[in-house]
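J.: The following block contains a protein sequence and its predicted model.
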Amino acid sequence: MTGTAIRLEGCRKTFDNGTVALHSLDLHIHPGETLAILGPSGCGKTTTLRLIAGLEHPDSGRVLFGEQDVTALPIERRDVGMVFQNYALFPNLDVAGNIAYGLKIRGMPKAERTARCAELLALVGLQDHGRRAVHELSGGQRQRVALARALAPRPRVLLLDEPLAALDAQLRERLRSELDQLLRHLGITAVFVTHDQGEAMALGHRILVMEHGRAAQLASPQALYQQPANAFVAGFVGNLNVFPVLARSPCGVKVPGGDLPWSTADFPDTLYCRPEHVRIADGNGHLHGHLLAQFFQGAHSRLLVDVGGAQPLLVDCDEFGRHGIGDTLALSIAPRHLFCLQGRGTRSEVSP
Amino acid sequence: MTALGQPNLALARRRWRLPAPATFALVPALAVLTAFWILPLLQLIALGTQHRDGPSSAYWQVLSSAQYLGSLAQTCTLAVVVTAAALLIGAVVGCFLARQRFWGRSALVALLTFPLAFPGVVVGFLVILLGGRQGLAASVGLSVFGQRWVFAYSLIGLFIGYLYFSIPRVILTVMAACETLDRSLEEAARSLGARPWRVVLDVIVPGLAPALVSCGAICFATAMGAFGTAFTLGTQLNVTPVAIYNTFTNYANFAMAAALSVVLGAITWAALLLARRLIRQTGATL
Amino acid sequence: MKRTAGFYGRLLFVLLVCAFMLVPVLMSLLAGLTRNYFQGVVASGLTLGWLLQVWAAYADTVWLSLRLAVACAVGVVMIGVPAAYALVRMNNRFSRAFEELMVLPVAMPGLASALALLLTYGQYGAFRGSWLFILVGHVIFTLPFLVRPVMAVMQRQHLPVLEEAAASLGAGPLQRFFTVVVPNSRAGILAGVLMVVTLSLGEFNLTWMLHTPMTKTLPVGLADSYASARLEVASAYTVIFLLLIVPLLIALQAINHHLARGDRP
C-alpha cells in the first residue's frame, strides 16, 4: 500500500447555527505520513477530520486526494477507512460480518471476502473471534475490529477519530504502540484526531495543533515542544512556566522572585520555560521561593514553588522529599531554556 | 490557487438546498396521509360550515343547541371522571407492581395489561356480562337482596366500560415511569427524616407527574371518542360519538355530523396539546 | 423481606382490580361453553356447539379480519419504516409537524375519521364497496403505532454514527438503509407490527362506518351478534376473538420486555 497525499486548500466551514468551525484552513499531508490533529474540544479538529472523510463539506475551498479533487464526493465514494470514536460496530453483524461489510458493498466474491477477512483478523490478532457478537468483545477488541473493518477494503487514507479515547489508561498505552507498529507496517496515509498530547506525540510524524478553528502550528513533535510557535501551543503541548517581566536588571530581567538571565537586545513582556528546565540550586539561584507542595510521579517529582507570582512555579526534578513544605528554595534556569513567544500563554492545569 | 474563485459542487448543493436522501423516505407516508387523512379532514371541516336547514353553519347549530352542548358536556364530564378514577387506581396498582417482587407478579402484570387491546365493542359486551339483565350483578343482587341490579345500559355501565380499558394503560405507563424513577431520591428523602407518605407526596408523585399527565390525556381522548362500548350498551346513551352516529345514519344530516365530529376532535386534540404543554413546563423547571 | 400490613392491603387492592379485569372475560368464556346459560352450567352442562355454530356463521369475518390485519401490517411497514427513518434523520420543524399530523388520527375520534373518509371517497362505488376502503382507514389509524417504536429503537441504536460507518466503507444511501438501518431496527419493527395487527384485528370505531354488508370484519360481526344473537352465541364469538388476540398480546409483551431490557450501548 503506498500512501496518498491529502491537501486541504482554503477550507472554510460554518455550521447552521452560525459558529465558524474552520477559518480557511490550508493543510498538506504527505503520502504515508501519520498526522495527529491536536487541540482542545471545539477547536475544529473533528471538523477537519470529517472534511477529509467527506462527512462534512466545506463552504469554500477544496479537498484533494493526490491530484483528484474529492470536494464534492460523499464519503462512500472517497475510498477512506475510518475508525470512529466509539467504533460504531454494527450490532446486527458478528466480527467477521463487520470486517467483511465494506468488501460486500464493493461486490467482492464470497471466497475472496473470507480470505481477506481472515487476513485482517490475523493482522489485529483476533484469529479466533470471527464469529463473536460485537457486544461480547472487550473495549480493546472492539477497537481492533473497528481498525480491521476500516482497513479491509484497502482504503487510500485511514482516518481515526479519538481512536483510543474510549479505553482505560493501561490498555490505551498498549494499543497505542500496536497502532504505531501497524501504521508503520502499512505505510498508509493516516490522520487522527486526539485531545491527548501524549498520544499525538507518540503516534504522529507531524502534529497539527488547532485553536479556535485555525491551525496554530504544524510541526514534528520535537519541533513543537522545543520551538512552539506561540504561547497557546507551548501551553497545550507540555506544561509551561510563565514569567511576567517587571523591569530590566543589570544581568538580565527582573521577574517575581528574582532576576533571570536574558542577554538578547529586545525586551519581552513575558518569558517562558519548561518545568524540567528549572533546577534547584545549592547556593545562589536566580529565583527564590517557598515550597508549596510536592507530588511524587515515579521517574520524577513535581514541585510547586511560590515565588510571589500569580501562579506557583512548576519544577520537575528527581528530589522528592529532600525539602520540607515551606522551605525556601533557590532555583536556577539556564539562559538557553528561556524563551519568549507571540500571544498570551494559557498555562495548563497542574496535575498532581 | 483557483480554489477560492471557483464555486465548487458542494457549495452549489448547499445553495440549492437539495433535500437529503432521508427526506425522500418520508414521501410514501406523506402521500398516503395527504390523500387519506388531510384531504378528508379538510373536507370534513369544510362540510361543517354548511347546513341543510338554514343559512347558519352547522358549527353554530352545534354550539347554540342545548341538546348537542348537553351531550358534549356529558361526554366531557364522563371522560374526566373516568380519567381521574383510572389514574388513581392505575397509579396505586402500577407503583405496587413496579416496586414489589412476589410470586405470581408477572402473571398479574400480564393479566392486568391484556384488556388494553380489547376493542370497545368487546368491552361493552363484558360490561353487559357484569351488569346486564342476566349479568353477574343481577344474579348476585337477586340471590342476596331479592332484586336484580342492572347498570350496564346507563352511564354507570359506560363508566365501568371506559374504566376497563383505561386502567391497563395507566398501569403500563406508571410501571414504566416507576422503573426510571431515581431510587436514591427516595432514599435521600428518607435519610432526611421524611415519613413514607411524605416520600410518596414529595418524591414519587412529582416524579410520576409527567407520565400521569400524558397518560391521563390519552385516557381522556380515548374516552371522548370511544364509540364501540356505547354502541354495544345501547344507542340511547346521550354521548357525542353516539350522537354523531345517529345524526349521520338516522337523519342523514352530514353537515351536522361533520360539525359534531370536528368539535369533538378539537376538544380531544386541545386536551392532548394542553397535556404536552404542561409536561414541557414541568420538564423545564426540573 | 418483611411484609407489612400495608403490603397486604395493597396486594388485596391489586387482586380486586385484577378480578375486575378478569371476571368478565372468564364469564364470557363460560357462557360460550355452556349449553344454556340461564339454567346455569351445572344444570345444562358444557358444549362446543356454540363455538361451532359461530364458526359456521361468522368464519368469513375472521378471515377478512386476518387478511386486513396482514395487509395493514405490510402497508404500514412499507410506508412507516422509511418514515420513521426520515423523521429520526431530519428532526427539524417540518418533521415535527409531520409527526403531529401522523398522530392526529389517533387523537381524533375514530368515527370522525371514518366520516371524513366516507365524505371524500364514498362516491367511488368500487373502492367504497371493497375491503381496501377499510384497509385505508386501518393504515391511517395504526401508522403511528409502528412509527413510534421504530423511531425509539432507531434513536437508541445511534443510527447516524452506524450509518456514517457504513458510508465510510462505501455504502450508498439505499444500501445503508437496507443493510444498517432496517436490520438494527428489527425489534422495533416487530413490536410495531404486532401492535398494528392487534389494533387492526380489534378496530371497530372506524370499521363500523366503513364496512358494507359484504365487508364485515370480526368486530363488526361481534357487534352484530351482541345486538341480535343469544348470549351464548355472542360469548362464543367473543371467545374466538380472544383466542385470536391473546397470543398476539403475549408476544407483544415479550418483545416490549426484551426491548426494555436490551438497552445495550
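T.: Received the coordinates, thanks. Residues are numbered from 1 along each chain as shown, chains lettered A, B, ... in the order given.
J.: Report the central residue of chain B.
T.: In chain B, the centroid-proximal residue (CA atoms, centre = their mean) is residue B:218; its distance is 2.7 Å.
J.: elements contacting the host helix or strand of that residue?
T.: Counting by DSSP states H and E, the element that carries residue B:218 is helix B:205-225. Judged by 3 or more CB pairs under 8 Å, 6 or more residues apart in numbering or on different chains; DSSP states H and E, helix B:205-225 is in contact with helix B:66-99, helix B:155-180, helix B:254-285, helix C:110-121. Yep, even glycine has a C-beta here, placed from its N, CA and C like the rest.
J.: ok, residues contacting the last one?
T.: For helix C:110-121, the external contacting residues (CB atoms under 8 Å, 6 or more residues apart in numbering or on different chains) are B:36-37, B:39-41, B:43-44, B:47, B:225, B:227, B:241, B:244-245, B:248, B:254, B:257-258, B:261-262, B:264-265, C:105, C:127-128, C:133, C:136-137, C:140-141, C:203-210.
J.: I'd like the mean pLDDT over it, please.
T.: Averaging pLDDT along helix C:110-121 gives 88.
J.: Output whatever helix or strand comes next after that helix as PDB - backbone C-alpha positions only.
T.: Next in sequence after helix C:110-121, counting helices and strands by DSSP H and E, comes helix C:125-129. Below are the C-alpha coordinates for helix C:125-129, written out as PDB (Å, rounded to 0.1, in the frame of the first residue of the first chain):
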ATOM      1  CA  GLY C 125     -68.500   2.800  -5.500                       C
ATOM      2  CA  ALA C 126     -66.000   0.100  -6.400                       C
ATOM      3  CA  PHE C 127     -63.500   1.500  -3.800                       C
ATOM      4  CA  ARG C 128     -66.200   2.100  -1.200                       C
ATOM      5  CA  GLY C 129     -67.500  -1.500  -1.500                       C
END
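J.: Would helix C:125-129 count as contacting chain B?
T.: No - Helix C:125-129 does not reach chain B (CB under 8 Å from any CB of the partner chain); its nearest approach is 11.1 Å.
J.: Tell me, please, where in the chain the pLDDT is lower than the cut-off.
T.: Answering for chain A, as no chain was given. Counting by pLDDT under 70, chain A has low-confidence residues at A:1-2, A:265, A:342-352.
J.: Wait, chain C was what I had in mind.
T.: Residues of chain C meeting the criterion pLDDT under 70: C:1-3, C:260-265.
J.: the strands in it, which residues?
T.: With DSSP state E, there are no strands along chain C.
J.: domain assignment for it?
T.: For chain C, automatic domain parsing gives the domain ranges C:1-47, C:59-261.
J.: Mind putting those domains into TSV with mean neighbour count?
T.: Shown next, in TSV, are the domains of chain C (neighbours: other CB atoms under 10 Å in any protein chain shown):
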stretch	mean neighbour count
domain C:1-47	15
domain C:59-261	21
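J.: need the contact list for residue C:176.
T.: Taking CB under 8 Å, 6+ apart as the test, what residue C:176 contacts is C:163, C:166-167.
J.: returning to that earlier point: angle of the helix holding residue B:218 against helix B:66-99?
T.: 140 degrees (axes from the mean of the first three to the mean of the last three CA atoms, to 10 degrees).
J.: before we move on, the earlier item: inside helices: which ones of the contacts of helix C:110-121?
T.: Among these, the members found in helices (DSSP state H) are B:39-41, B:43-44, B:47, B:225, B:241, B:244-245, B:248, B:254, B:257-258, B:261-262, B:264-265, C:105, C:127-128, C:133, C:136-137, C:140-141, C:205-210.
J.: Residue numbers of the stretch 151-286 of chain B in contact with chain C?
T.: Looking at chain C, the residues of the stretch 151-286 of chain B close enough under CB under 8 Å from any CB are B:164, B:167-168, B:176, B:179, B:221, B:224-228, B:231-232, B:241, B:244-245, B:248, B:254, B:257-258, B:261-262, B:264-265, B:268-269, B:272.
J.: mind checking the SS state of the residue of the stretch 101-250 of chain A found nearest chain C?
T.: Per CB to the nearest CB, residue A:102 is where the stretch 101-250 of chain A lies closest to chain C, at 3.4 Å. The three-state label given to residue A:102 by DSSP: H, G, I helix; E, B strand; the rest coil is helix.
J.: Just list the residues touching it, thanks.
T.: By CB under 8 Å, 6+ apart, residue A:102 lies in contact with A:149, A:152-153, C:169-170.
J.: for residue C:64, same thing?
T.: Residues in contact with residue C:64 (CB under 8 Å, 6+ apart) are C:131, C:215-218.
J.: Show me the helices in the chain, by range?
T.: Let's take chain A. Using DSSP H, helices in chain A cover A:45-53, A:95-105, A:110-123, A:139-151, A:169-186, A:197-203, A:221-226, A:231-236.
J.: nope, chain C
T.: For chain C, the helices defined by DSSP H cover C:5-33, C:41-44, C:49-90, C:93-107, C:110-121, C:125-129, C:131-156, C:159-168, C:173-176, C:186-202, C:205-210, C:218-228, C:231-261.
J.: near chain A, which of the contacts of residue C:176 show up?
T.: Within the set of the contacts of residue C:176, contact with chain A (CB under 8 Å from any CB) is found for C:166-167.
J.: Out of the contacts of residue C:176, the closest to residue A:335 would be?
T.: Distance to residue A:335, by CB to CB, is smallest for residue C:167 among those, at 55.0 Å.
J.: And the residue of chain C that's closest to chain A?
T.: For chain C, CB to the nearest CB, closest residue to chain A: residue C:169, 3.4 Å.
J.: contacting residues around that residue?
T.: When contacts are counted by CB under 8 Å, 6+ apart, residue C:169 touches A:76, A:81, A:101-102, A:105, A:149-150, A:152-153.
J.: just to revisit the earlier point, and the domains of chain C: which comes nearest residue A:19?
T.: Among these, the nearest to residue A:19 by CB to CB is domain C:59-261 (18.1 Å).
J.: Please compute how far that closest one lies from its chain's middle.
T.: 7 Å (CA atoms, centre = their mean, to the nearest Å).
J.: what does stretch B:207-220 give?
T.: Stretch B:207-220 sits 10 Å away from the centroid of its parent chain (CA atoms, centre = their mean).
J.: Quick check: buried residues in it?
T.: Using 16 or more other CB atoms under 10 Å in any protein chain shown as the test for burial, stretch B:207-220 gives B:207-208, B:210-220.
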